[in-house]
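A.B. asks: this one's structure only:
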């Protein structure tokens, strides 16, 4: 197959959408499929292979890591006519996604999409809830032409069904259980960050209001002194709240900045618990990565996180923003080494079943079901147009 992706975020940008699309396009290429990616410019210029076409862009105010591109109509049209894709996949509902939908209609190319981010959920954190109904109207309108819409969790599917979205299919996320595993040198992490406390609690993700990053400080302050004295926090990530969080944080909290690859995996592995208070996730890749590392998760009972954690088995689910519940769950689990060990074992076993290859093959199967029905002519697109 030949697939053209239209997305407003792509590797090396650091977010779940960019990482998933990079992994998927690499998998497609390894399976012999041809890929073209239309994405915003990469300010670092770190990753610019020939199959990726980048366009000037600006940061999106609700999510600066996701950029709004200013696509070149003629460049896209020329590339699509030369590539002659069997399918267009749109991954974001912004300018490039709009171009994908436009050219799908203009050039008679089948189209599917994927839903990754609940921007509506972000509005409450930026005093913009009045825009909620407008955003949902736009999202419904944007996704209506898609022949299939792939969503990351059953919770997201249920939410979108209630709003009237059609043609929904599940596309969960997998995890690299060779990279994320429990067998790293935990002492090396303790030495790296000068940790002498008995327990390590960690968080990984964007440090922003919509991720409830401030809840981490509230939990830390709520801890009884006899527990707090035994705990060291490792906060992995960056974002608009980082400077303020560092300023207000207790002495037992270390901010590492962004980590990736083995360095991130080592932190998961060395942690006794992973704390994830975000209630806005459509999935929650970091939660699955922690489970793969044998580290139980105390997370928010909301969104995609709810579909990953089995409460009482691989971690604990707490009501969003309920500091008391989070604190109680952490104290209870820290008081029982055997319970944490069992949860870590169960989490690792669950993660081992979430294989990227099987998940990606299911997506390819969705592609194949769309293409034979709609792509009726393999002749060059320019010839189709002239005909």
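C.D. replies: Great, that's in hand. It should be emphasised that the depicted structure is a prediction, and the values quoted were computed from it without experimental measurement.

A.B. asks: what distance separates the start and the end of stretch 160-176?
C.D. replies: This stretch, stretch 160-176, spans 28 Å end to end (C-alpha to C-alpha, to the nearest Å).

A.B. asks: Please compute how far that stretch lies from its chain's middle.
C.D. replies: Computed by C-alpha atoms, centre = their mean, to the nearest Å, the separation of stretch 160-176 from the middle of its chain amounts to 13 Å.

A.B. asks: pLDDT averaged over it - what is it?
C.D. replies: Across stretch 160-176, the average pLDDT comes to 96.

A.B. asks: what do you get for stretch 211-231?
C.D. replies: Stretch 211-231 shows an average pLDDT of 96 in the prediction.

A.B. asks: Report the buried residues of it.
C.D. replies: By 16 or more other C-beta atoms under 10 Å, the buried positions in stretch 211-231 come out as 211-217, 219-220, 222-223, 227-228, 231. Heads up, the C-betas are built off the backbone N, CA and C, glycines and all.

A.B. asks: Among those residues, which are located in helices?
C.D. replies: Among these, the members falling in helices (DSSP state H) are 214-217, 219-220, 222, 227-228.

A.B. asks: what's the farthest-apart pair in the residues you listed?
C.D. replies: 214 and 227 (20.3 Å; C-beta to C-beta).

A.B. asks: This structure - how does it break down into domains?
C.D. replies: According to automatic domain parsing, the chain comprises the domains 2-174+355-386, 186-352.

A.B. asks: Lowest average confidence across those, which one?
C.D. replies: The minimum mean pLDDT among the domains of the chain belongs to domain 2-174+355-386 (a mean of 87).

A.B. asks: quick one, what contacts residue 186?
C.D. replies: 269-270 (C-beta atoms under 8 Å, 6 or more residues apart in numbering).

A.B. asks: do residue 125 as well
C.D. replies: Applying C-beta under 8 Å, 6+ apart to residue 125 gives the contacts 208-210.

A.B. asks: what's the closest of the buried residues of stretch 211-231 to residue 364?
C.D. replies: residue 211 (31.6 Å).

A.B. asks: From residue 237, how far out is the nearest residue to residue 278 once chain neighbours are set aside?
C.D. replies: Spatial nearest neighbour of residue 278, excluding adjacent residues (C-beta to C-beta, 6 or more residues apart in numbering): residue 211 at 4.4 Å. Look at residue 211 and residue 237: by C-beta to C-beta, to the nearest Å, they are 8 Å apart.

A.B. asks: which helices and strands does the lengthiest helix in the chain pack with?
C.D. replies: Counting by DSSP H, the longest helix found in the chain is helix 356-374. In terms of contacts (3 or more C-beta pairs under 8 Å, 6 or more residues apart in numbering; DSSP states H and E), helix 356-374 is packed against helix 16-30, strand 87-90, strand 111-114.

A.B. asks: Now do the second one: distance to the chain's middle.
C.D. replies: Using C-alpha atoms, centre = their mean, the distance from the centre of strand 87-90 to the centre of the chain it belongs to is 19 Å.

A.B. asks: likewise stretch 287-305?
C.D. replies: On C-alpha atoms, centre = their mean, the centre of stretch 287-305 falls 13 Å from that of its chain.
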